[in-house]
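S.K.: Let's see this in three dimensions:
(one chain, ligands or ions: 2)
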Amino acid sequence: MAESAPRRCCLGWDFSTQQALACIPCFSCRTRGGVHVHKDGLTVTSPVLMWVQALDIILEKMKASGFDFSQVLALSGAGQQHGSIYWQAGAQQALRSLSPDLPLHQQLQACFSISDCPVWMDSSTTAQCRQLEAAVGGAQALSCLTGSRAYERFTGNQIAKIYQQNPKAYSHTERISLVSSFAASLFLGSYSPIDYSDGSGMNLLQIQDKVWSQACLGSCAPHLEEKLGPPVPSCSVVGAISSYYVQRYGFPPGCKVVAFTGDNPALPVSFQVSLGTSDTLFLWLQEPMPTLEGHIFCNPVDPQHYMALLCFKNGSLMREKIRDEFASCSWSEFSKALQSTEMGNGGNLGFYFDVMEITPEIIGRHRFNTENHKVSAFPGDVEVRALIEGQFMAKRIHAEGLGYRVMSKTKILATGGASHNRDILQVLADVFGAPVYVMDTANSACVGSAYRAFHGLAGGTDVPFSEVVKLAPNPRLAATPSPGASQVYEALLPQFAKLEQRILSQTQGPPE
Ligand SMILES: Nc1ncnc2c1ncn2[C@@H]1O[C@H](COP(=O)(O)OP(=O)(O)O)[C@@H](O)[C@H]1O
Ligand SMILES: O=C(CO)[C@@H](O)[C@H](O)COP(=O)(O)O
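M.R.: Numbering: from 1, shown residues only. Ligands and ions are numbered 1, 2, ... in the order given. Next up is the predicted model:
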């Protein structure tokens, strides 16, 4: 990868919740994006042209910085999972005939039948979830088929809602993309297929056979198979870059586009904790074991294997709220609070879910003192530690619920914005009793995408991904468990799990 220029390289892209990034090792530039939370508090969307414009801005900035696009042999990328884009009839033609004289967003304005697209934070499709589960014989049956019971943010349920509430827009749609395949389509200048791994987050793909489930498609909306196109292996080369990029930016005409995938599967490792807008826990699995909690995805680099994912919606945005309320809006004050409090927090435990959590399905802030009595507030420093310990204890408990066990050789790779905070990582190491590693690069989904581009270029399934990433810099050790941590948390974890059950039984909210 590019350490001294000019040198041939691969390029990785990330279209996540709060940012769009491009990454070649040693280079990155960014623009901030966002979401629109509707009045019902459940519907969450992003304007599709925001992503198009973000790509224009990044490419222009790269050009202005003197980046030599002619050296890019292949590119790939990642997108926030589950979000869907609706291409209007005729859009393929517009994509194929882009003028290199104009930015993309000026040419694609009229290409979408839905201008504000549902994204992963949306939880407005409970009715569609229940319909889908009923259509295939229940939640467990759907999980066995697609890797997950019905989840509100999963794309099949989002498509069903659009079909039911806006049938005109649905019928004007010629193609539906995920954020990942949409971004790949922008580079291809034609529709990119959905890859197996990100396709697993739709409640539509049979994860073992890797084909769309006719039962699920039929339950969600008519003519859906033709609007989705056939899914492909995640390491497929989906085509060559559009002549638009060759003429406008100087990419080589043969530059290959490797299928884009979800931001969580973009960097497949054995055990990853991502601390981005959402917190996720991602585990490499040999065998799928679909249950009613969490998700099983097709593995993006090894077609024989799978990945398990747990998603926690109240991640960084919740930490930011507690920081603003109790740590003077400052991450360094937040760190001081963690440093000034003891492991175990004197027995004070907290659950902080300002929006309905996914894992577990709880809303609200719930605090318990050392006698397990509910209290309405903690002192500021205790509040900060209760939040961080609670977030990581929940991750360990739910990972163990999927059969995961921390062992002496366990290593955790922490990624995402909050992985820059050493004091947060120390709590992660203490709660899991395992060392935590980080990558000294801008963004792991971007870096993972650059390596996936190399992998696709090198022959995809014929070459083990481990061979391709051998050249990557080793993750850096960021935190090791403190002495005595395992005794503290082994005592607290069962207590925390019991309290979680207690809250769940007292606050039976709707799913997700
Ligand atoms: N020093 C820090 N300590 C804790 N959290 C941080 C720190 N720096 C950034 N973050 C968090 O990182 C989040 C963004 O993470 P990122 O991985 O970039 O998100 P996404 O990929 O979802 O767009 C922000 O919401 C912010 O709260
Ligand atoms: O919904 C999920 C995973 O199932 C989220 O993890 C999204 O993929 C968004 O990712 P970030 O923007 O938080 O990285």
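S.K.: Return the residues of the stretch 301-450 of the chain in contact with ligand 2.
M.R.: Remark: the part of the stretch 301-450 of the chain in contact with ligand 2 comprises 309, 311, using Cβ under 6 Å from any ligand atom. Every C-beta, even on glycine, is put in place using the N, C-alpha and C of the backbone.
S.K.: any idea how far the residue in the chain that ligand 1 sits nearest to lies from E342?
M.R.: For the chain, the nearest residue to ligand 1 under the criterion Cβ to the nearest ligand atom is G417, separated by 1.9 Å. As for G417, its distance to E342 is 26 Å (criterion: Cβ to Cβ, to the nearest Å).
S.K.: and after the helix or strand where Q131 lies, which helix or strand comes next?
M.R.: Assigning secondary structure by DSSP states H and E places Q131 in helix 126-136. Taking DSSP H and E as the definition, the helix or strand that follows helix 126-136 towards the C-terminus is helix 139-146.
S.K.: Just list what that following helix packs against, helices and strands only.
M.R.: Applying 3 or more Cβ pairs under 8 Å, 6 or more residues apart in numbering; DSSP states H and E, one finds that helix 139-146 contacts helix 126-136, strand 205-206, helix 214-220.
S.K.: what does the helix holding Q131 rub up against?
M.R.: Contact with helix 126-136 is made by 139, 141-142, 145, 149-152, 156-158, 160-161, 164, 203, 213, 215-216, 218-220, 510-512, as judged by Cβ atoms under 8 Å, 6 or more residues apart in numbering.
S.K.: PyMOL command to pick out the buried ones of those?
M.R.: Only the buried entries of the contacts of helix 126-136 go into this PyMOL selection, using 16 or more other Cβ atoms under 10 Å:
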select buried, resi 139+142+145+149+150+151+152+156+157+158+160+161+203+213+215+216+219+220+512
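S.K.: just the helices in the stretch 51-200 of the chain please.
M.R.: Ranges of helices within the stretch 51-200 of the chain are 91-96, 104-107, 126-136, 139-146, 155-165, 167-171, 179-188, 196-199, based on DSSP state H, counting those that start in this stretch.
S.K.: So which bits of the stretch 251-400 of the chain are right by ligand 1?
M.R.: Residues of the stretch 251-400 of the chain lying near ligand 1 by Cβ under 6 Å from any ligand atom: 276-277, 316, 319-320, 331.
S.K.: In TSV: these, plus pLDDT and secondary structure.
M.R.: Formatted as TSV, these follow (pLDDT from 0 to 100; DSSP: H, G, I helix; E, B strand; the rest coil):
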residue	pLDDT	secondary structure
G276	92	coil
T277	93	coil
S316	96	helix
R319	98	helix
E320	97	helix
W331	98	helix
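S.K.: still on that earlier bit, who touches the residue of the chain closest to ligand 1 in this structure?
M.R.: By Cβ under 8 Å, 6+ apart, the contact list for G417 reads 18, 275-277, 316.
S.K.: Recalculate using a threshold of 6 Å.
M.R.: Going by Cβ atoms under 6 Å, 6 or more residues apart in numbering, G417 touches 276, 316.
S.K.: Ok, A240 next?
M.R.: Contact partners of A240, counting by Cβ under 6 Å, 6+ apart, are G254.
S.K.: Tell me what it is bridged to.
M.R.: Residues in a beta bridge with A240, per DSSP bridges, are K256.
S.K.: do the same with D195
M.R.: For D195, the beta-bridge partners are V232 (DSSP bridges).
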